[in-house]
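# show me how the following folds:
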Amino acid sequence: MLVLEFKVKGKSHQYAAIEEAIRTAQFVRNKALRYWMDNRGVNKYDLNKYCRVLAREYDLVRELNSTARQASAERAWSSISRFFENCRQQVPGKKGYPRFKKNSRSVEYKNSGWKLLDPKHIVFTDKKAIGRLKLIGTWDLAFYGTEQIKRVRLIRRADGYYAQFCVKVDVREEIEPSGNTVGLDVGLKEFYTDSNGQSEPNLRFYRNAEKKLKRAHRRVSQKQKGSANRKKAVNRLGRAHLKISRQREEHAKRLARCVIQSNDLVAYEDLRIKNIVRNHCLAKSIHDALWYQFRKWLEYFGVKFGKITVAVNPAYTSQKCSSCGTIVKKSLSTRTHICQCGCELDRDYNAAINILNAALSTVGHTET
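This next block holds a predicted model:
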């Protein structure tokens with residue numbers, strides 16, 4: 001599945017109609033969740049049938065396209081099924097009991113309720129009166145057939161409204177094998193250090209923009225609640241956060257693509273970020289480093305280019321000597337690995353070698 005995103009351009013009444021559609025989708029999702037709470041044994045198909053009942057009871061629901069109503073019910077069932085799966089797997093801590101949405105930002109259509117007029121214009125045909133919107137972006141929708149577009153989402157962000165097209169297409173590409181293998185150790189000092197001794201700097205996008213964000217937060221707090229100036233200040237704050245989010249996402253995506261294209265096997269630590277950020281002294285820096293997103297892009301590009309990605313147990317990768325295997329205890333402040341066998345390496349470099357060795361032994365056993 002390929003997701004193509006465009007910014008949409010319309011008039012103010014069309015943006016208001018999009019907001020109304022988003023609120024209606026949120027209403028359907030919350031109603032479906034309440035129906036599941038009040039009726040034991042309800043399944044996914046019962047929630048889809050319940051959408052017809054809501055359409056008969058509420059005019060605002062009837063105005064929304066039927067497939068958009070079903071998509072909203074499916075969102076409710078997605079949170080329900082995730083809760084059941086966490087209970088089944090006995091995930092430690094909270095299991096994520098489904099909650100009601102208070103501020104949804106998107107509405108999703110399936111096969112109906114919209115029509116492509118040409119590769120740069122789309123019209124929504126339900127009774128929400130969204131109408132014809134212009135698509136601004138570099139993707140060419142004419143390359144794909146209309147039957148390949150399975151979903152269309154309208155999303156509100158701080159800098160405007162966007163349309164996402166979920167296209168059913170094989171995203172795999174064939175590239176020449178490089179014959180290289182690499183292990184990656186992510187960190188806070190460097191974004192990652194590989195088993196070849198190379199490292200990428202941690203750009204710390206949030207830390208560098210923190211002063212600007214604090215100023216934007218102060219301006220929001222200085223405005224009167226409910227005023228137009230406060231809404232403008234909130235929007236400026238949202239744009240600042242959105243810029244940081246995009247910078248970090250693009251940085252992680254670019255590095256992951258380069259690593260996958262340059263190596264046939266990539267090994268990395270199977271980190272549990274949720275547990276690591278319990279250290280409140282390092283939580284902000286860990287979130288700023290975007291380790292989890294970097295791993296997701298590694299796995300995505302691994303599938304796309306047909307490369308092997310292996311998640312390794314992170315236990316003792318920093319403490320173990322990559323030369324003789326001896327455990328050398330060291331604190332986080334100790335940045336150099338020094339072993340009695342004479343091995344002296346950077347701490348992260350030593351860990352990257354251990355990660356690669358563990359991955360190669362695993363691959364050999366599983367015949368990957």
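
# residue 107: what secondary structure?
strand (DSSP: H, G, I helix; E, B strand; the rest coil).

# tell me, what's the model's pLDDT at it?
If you check residue 107, the pLDDT there is 95.

# how about the one 5 residues further on?
Note on residue 112: pLDDT of 90.

# my read: it touches residue 65, true?
Yes. At 6.2 Å, residue 112 counts as touching residue 65 under the criterion of C-beta atoms under 8 Å. C-beta: built from backbone N, CA, C; applies to glycine.

# the helices in this protein, which residues?
For the chain, the helices defined by DSSP state H occupy 12-38, 44-57, 59-63, 66-88, 205-208, 210-222, 228-262, 273-276, 283-289, 291-305, 347-366.

# packing partners for the last one?
Contact here means 3 or more C-beta pairs under 8 Å, 6 or more residues apart in numbering; DSSP states H and E; on that basis helix 347-366 packs against strand 181-186, strand 190-194, strand 265-269, strand 308-312, strand 336-338.

# make a markdown table from the helices of the chain and add distance to residue 179, mean pLDDT and mean neighbour count to it.
A markdown table is the format used below for those (distance: least, C-beta to C-beta, whole Å; pLDDT from 0 to 100; neighbours: other C-beta atoms under 10 Å):
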| stretch | distance to residue 179 | mean pLDDT | mean neighbour count |
| --- | --- | --- | --- |
| helix 12-38 | 50 | 95 | 19 |
| helix 44-57 | 47 | 94 | 16 |
| helix 59-63 | 58 | 94 | 16 |
| helix 66-88 | 39 | 94 | 19 |
| helix 205-208 | 34 | 93 | 16 |
| helix 210-222 | 43 | 94 | 13 |
| helix 228-262 | 11 | 94 | 16 |
| helix 273-276 | 32 | 82 | 12 |
| helix 283-289 | 30 | 88 | 17 |
| helix 291-305 | 14 | 92 | 18 |
| helix 347-366 | 14 | 79 | 20 |
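
# can you tell me which of these comes nearest to residue 155?
The closest of the helices of the chain to residue 155 is helix 12-38. By C-beta to C-beta, the value is 8.7 Å.

# overlap of the contact sets of residue 112 and residue 65?
Common neighbours of residue 112 and residue 65, counting by C-beta atoms under 8 Å, 6 or more residues apart in numbering, are residue 125.

# the two: which is more packed in?
residue 65 (21 against 12; other C-beta atoms under 10 Å).

# would you confirm that the more buried one contacts residue 108?
No. With contacts counted by C-beta under 8 Å, residue 65 stays clear of residue 108, the gap being 10.1 Å.

# so what's residue 131 up against?
Listed by C-beta under 8 Å, 6+ apart, the contact partners of residue 131 are 10, 14, 17, 123, 124.

# switch to 10 Å and redo it
The contact partners of residue 131, taken as C-beta atoms under 10 Å, 6 or more residues apart in numbering, are 10, 11, 13, 14, 17, 122, 123, 124, 125.
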